[in-house]
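**Q** Predicted model, plus sequence, below.
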Amino acid sequence: MTRYVLKRILYMLLTLLIVATVTFFMMRSIPGDPLGGMARELPEQTKANYYAKYGLDKPLVEQYLIYIKNMLQGDLGESLLYPGRSVSATISATSPVSGLVGGIALVIGLLIGVCLGIIAALKKNQWPDYVVMVIAIMGITIPVFVLVSLMQYFFSIKLGWLPSSGWGEPKHLIMPVIVLSFSTIATYARYIKSSMLDVLDQDYILTARSKGLSEGQIVRRHVLRNSLLPAVTILSGRIVGIFTGAFIVEKMFTIPGIGFYYISSINNNDYTMTMGTTVFYAALFVVMQLVVDFVYMLVDPRIRISEAK
């Protein structure tokens, strides 16, 4: 087990290094000046001082080595767009906002998605199954910005029930949470239905029925646990997907989360903020993947046996 954990941690660090490297050189290859429109108006000496402050006057390879060295020490640099504000401090201040919205959306999406998937599997080829599949298809195919626009139009403009944007009160959470949870509901409804139908066709389910167990007992004791196992594997992706899917949601609802600043940094060539946020998302993904692997090992003894070997 210890060897397995150490190996996974090594892979995590290697993944983060690759992500940081690719992001660094991609950002440097984007046309434009980090000073934006000001670059044409400022004196040459002022621009030179600006570049020197952020190390942009050094050779590209040297900039990369300095960035990696600082990153390993936990220093993601200072924002080019907001002088004096460190990237780490910005992430620390904004990620709880994104985590609150995304966390509530994830929990609601999981609960509703799993319930709908169970209903669809148990009522296969009946009207509940068709309704669930329609919801799943809508959740996958409707773009986030369209869903946000529709909700703002109907619930804010037409009905006046909810604020169209803003932050600070519980009512500001309602529409963003609904929008973010929609894709999770759709994903898990499809996964659970497919997984349950596969489990229901197994021989041990037929054996359980022959022993006289009721359908409720079969579902609770045998079907649900084995059906939920495959769904656990996509949990890490959904957690990160909630954060990355919040880019548009936070921008359109003016929520001061990490996605709001991430979009601004990309639009304004804020190299350090973009790279720091990308590394943060990559770290979140690999850590969640490791956590999910451990959860999978806890719920499936076969995984523990194979890893022990």
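**A** That came through fine.

**Q** Low-confidence bits of the stretch 101-250 of the chain, can you list those?
**A** Along the stretch 101-250 of the chain, the model assigns pLDDT under 70 to residues 230, 236, 241-245.

**Q** Where do the helices of it begin and end?
**A** In the stretch 101-250 of the chain, the segments counted as helices under DSSP state H, counting those that start in this stretch are 127-141, 144-151, 171-200, 203-210, 215-218, 224-233, 235-252.

**Q** Residue 90: which of these is closest?
**A** Shortest distance between residue 90 and the helices of the stretch 101-250 of the chain, using C-beta to C-beta, is found for helix 235-252: 13.7 Å. All C-beta atoms are positioned from the backbone trio N, CA, C, and that covers glycine.

**Q** And the next helix or strand past the closest one?
**A** helix 258-267 (DSSP states H and E).

**Q** Mind listing residues that contact that following helix?
**A** 79, 81, 90-91, 94-95, 97-98, 243-244, 246-251, 254, 270, 273-274, 277, 280 (C-beta atoms under 8 Å, 6 or more residues apart in numbering).

**Q** which among these end up buried?
**A** Buried residues within the contacts of helix 258-267, defined by neighbour count using 16 or more other C-beta atoms under 10 Å: 79, 81, 90-91, 94-95, 97-98, 243-244, 246-251, 270, 273-274, 277, 280.

**Q** one step back: TSV please, covering the helices of the stretch 101-250 of the chain and showing distance to residue 8.
**A** Compiled in TSV, the helices of the stretch 101-250 of the chain are given as follows (distance: least, C-beta to C-beta, whole Å):
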stretch	distance to residue 8
helix 127-141	31
helix 144-151	32
helix 171-200	24
helix 203-210	32
helix 215-218	36
helix 224-233	15
helix 235-252	13
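
**Q** Of all those, which one is nearest residue 61?
**A** Using C-beta to C-beta, those put helix 235-252 closest to residue 61, at 30.0 Å.

**Q** show me the contacts for residue 98.
**A** The contact partners of residue 98, taken as C-beta under 8 Å, 6+ apart, are 243, 246, 250, 255, 257-259.

**Q** before we move on, the earlier item: out of the helices of the stretch 101-250 of the chain, which gets nearest to residue 157?
**A** Residue 157 sits nearest to helix 144-151 of all the helices of the stretch 101-250 of the chain, at 10.2 Å, using C-beta to C-beta.
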